[in-house]
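Asks: Fold the stuff below for me.
(2 chains)
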There are 2 protein chains.
Amino acid sequence: MPRIARRGLLFVLSSPSGAGKTTLARRLIDEDPMISMSVSVTTRKPRPGEVDGRDYVFVDDARFAQMKDGGELLEWARVFGNHYGTPRAPVEAAIGAGRDVLFDIDWQGAQQLEEKLPHDLVRVFILPPSAQDLAKRLSARGQDSPEVVAGRMAAASAEISHWPEYHYVIVNADLDTSSASLRAILTAERMKRERQLGLSDFVRRMQSEL
Amino acid sequence: MPRIARRGLLFVLSSPSGAGKTTLARRLIDEDPMISMSVSVTTRKPRPGEVDGRDYVFVDDARFAQMKDGGELLEWARVFGNHYGTPRAPVEAAIGAGRDVLFDIDWQGAQQLEEKLPHDLVRVFILPPSAQDLAKRLSARGQDSPEVVAGRMAAASAEISHWPEYHYVIVNADLDTSSASLRAILTAERMKRERQLGLSDFVRRMQSEL
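Replies: Residues are numbered from 1 along each chain as shown, chains lettered A, B, ... in the order given. Take a look at the predicted model:
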């Protein structure tokens, strides 16, 4: 069976929180050895159980600023006073070796990746099946005040407004169906002509033998 | 579960003969009720067992010329003195109703479809796994003379030279794997944002309820 060299891709999943994105991402990673999660750098302190280099790469403010200013980050954001970013080097190494990288990021991160690596990016937006469903998930997280829940709803609505910036849209009404759709998108994108870097050589050799 | 209105797509398979395209097309049709084969019109005489309206729509030269000149055909070709073409009306009716249409056509037909309906077209090229494999299949079809086999090889080589005009390329080394890849491409393309015509309304309604 011929092995055609392939360039990996950046598989970006965005959604409002509460739409099932994290579960879908984990399933994809568990089922497919050729795709792995992007590991972010962050200036926030490790939480109990978090492993440096697996969950995040933990750095101080000075190192983060150095990475940002030195062009070592593909995207970055500031959330609640902490910095988060995606180091460029491991992503480029992976896709150069034909492995795919999964990103669980919001529309702002997706827009920054789009600026840096537009041809390698596959953007998928996950929508909840209904407003009722999303509201239920966002309010079921604990005994939060109505104000906190309302704030989450507003953030969800703002994230949802960016769905037209994505290549694919999945309405996550059923986890198994959505998971299969996501796998299909990944499989299909790997078959894209421009990602199969070895095709030219493969075809040239075949034609010389015909 | 929400039903998002979808525009159908034109799923174009091209390949040199002997690469397994017809088998792959039949499997896809058998497994998926939302895609059906495009039925061509032709001026050639029906062969035993062929059913008018199922295998082909059989027409005379005058009617074919009328369809061609009247803009009723999406693509046409002349092969061994007979005319073949794809009527526009049933294809547009299908994709307008959210059903997909499969085309088993060569690069010339694909180019003509591209001119007419570029946004609805998904082009897949099927390659044989090797020159040896293709040669074996092309010469195993009967007791043909070396000249006939050589002619087929030249035609195959010419068809193969058009692989860069396709969105996806499948190297058909294993029928089950290729069949799964083809299904994945179809599933993924249906998830493309711009084919899900009902998404804008769906999201607007959801946001008004948040």
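
Asks: buried residues in the strand or helix carrying A:Asp201?
Replies: Element membership for A:Asp201 (DSSP states H and E) is helix A:199-209. For helix A:199-209, burial by neighbour count (16 or more other CB atoms under 10 Å in any protein chain shown) applies to A:Leu199, A:Phe202, A:Val203, A:Met206. C-beta: built from backbone N, CA, C; applies to glycine.

Asks: The second one contacts B:Val171, correct?
Replies: Yes: proximity of A:Phe202 to B:Val171 meets the contact threshold set by CB atoms under 8 Å, at 7.4 Å.

Asks: So for the two, which residues contact both of them?
Replies: In the contact map built from CB atoms under 8 Å, 6 or more residues apart in numbering or on different chains, the residues linked to both A:Phe202 and B:Val171 are A:Pro2, A:Ile4, B:Leu127.

Asks: Which residue in these has the weakest pLDDT?
Replies: Lowest in pLDDT among the shared contacts of A:Phe202 and B:Val171 is A:Pro2, which has 74.

Asks: what's A:Ala131 in contact with, if anything?
Replies: Here A:Ala131 is in contact with B:Arg205, B:Met206, B:Gln207, B:Ser208, B:Glu209, B:Leu210 (CB under 8 Å, 6+ apart).

Asks: Closest to chain A out of those residues?
Replies: B:Glu209 (3.6 Å; CB to the nearest CB).

Asks: Let me know the secondary structure of A:Arg7.
Replies: coil (DSSP: H, G, I helix; E, B strand; the rest coil).

Asks: Which pLDDT value does the model give it?
Replies: On the pLDDT scale, A:Arg7 gets 96.

Asks: likewise the one 5 residues further on?
Replies: With respect to pLDDT, A:Val12 scores 98.

Asks: So it, which state does it fall into?
Replies: On the three-state scheme (three-state DSSP), A:Val12 is labelled strand.

Asks: Please apply the same query to A:Gly98.
Replies: With three-state DSSP as the criterion, A:Gly98 reads coil.

Asks: quick one: it from A:Pro16, how far?
Replies: Per CB to CB, to the nearest Å, A:Gly98 is found 32 Å from A:Pro16.

Asks: Compare these two (neighbour count), which wins?
Replies: A:Pro16 (27 against 19; other CB atoms under 10 Å in any protein chain shown).

Asks: what about the closest residue to the more buried one other than its chain neighbours, neighbour count?
Replies: With sequence-adjacent residues excluded and distances taken as CB to CB, 6 or more residues apart in numbering or on different chains, A:Pro16 is closest to A:Ala156, at 3.5 Å. Here the number of neighbours of A:Ala156 (other CB under 10 Å) works out to 24.

Asks: ok, how many other residues are close to A:Arg152?
Replies: For A:Arg152, using other CB under 10 Å, the count is 20.

Asks: ok, the residue nearest to A:Pro16 - contacts?
Replies: A:Pro16, A:Ser17, A:Gly18, A:Leu134, A:Leu138, B:Leu210.

Asks: That one should be in a strand, yeah?
Replies: No: secondary structure of A:Ala156 (three-state DSSP): helix, not part of a strand.

Asks: So, low pLDDT: which residues of chain A?
Replies: By pLDDT under 70, the low-scoring segments of chain A are A:1, A:141-142.

Asks: what's near enough to touch the residue nearest the centre of chain A?
Replies: Taking CA atoms, centre = their mean, the centroid of chain A lies closest to A:Phe103, which sits 1.7 Å from it. A:Phe103 makes contacts with A:Leu10, A:Phe11, A:Val12, A:Leu13, A:Ser38, A:Thr86, A:Gly109, A:Ala110, A:Leu113, as judged by CB under 8 Å, 6+ apart.

Asks: Could you dump those into TSV with distance to chain B and neighbour count added?
Replies: Formatted as TSV, the contacts of A:Phe103 follow (distance: CB to the nearest CB, whole Å; neighbours: other CB atoms under 10 Å in any protein chain shown):
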residue	distance to chain B	neighbour count
A:Leu10	16	25
A:Phe11	12	23
A:Val12	13	24
A:Leu13	13	24
A:Ser38	21	21
A:Thr86	24	24
A:Gly109	19	22
A:Ala110	13	22
A:Leu113	17	21
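
Asks: which one among those gets closest to A:Phe58?
Replies: A:Thr86 (14.7 Å; CB to CB).

Asks: In a strand, that closest one, correct?
Replies: Yes: membership of A:Thr86 in a strand is supported by three-state DSSP.

Asks: Spatially, what comes nearest to it if we skip its sequence neighbours?
Replies: A:Leu74 (4.5 Å).

Asks: where exactly do the helices run in chain A?
Replies: A:21-31, A:61-69, A:88-96, A:107-116, A:131-139, A:146-160, A:175-190, A:199-209 (DSSP state H).

Asks: contacting residues for A:Val122?
Replies: A:Leu9, A:Leu10, A:Phe11, A:Val12, A:His167, A:Tyr168, A:Ile185, A:Leu186, A:Glu189.

Asks: Equivalent analysis for A:Leu182, please.
Replies: Taking CB under 8 Å, 6+ apart as the test, what A:Leu182 contacts is A:Leu13, A:Leu24, A:Arg27, A:Leu28, A:Val124, A:Ile170.
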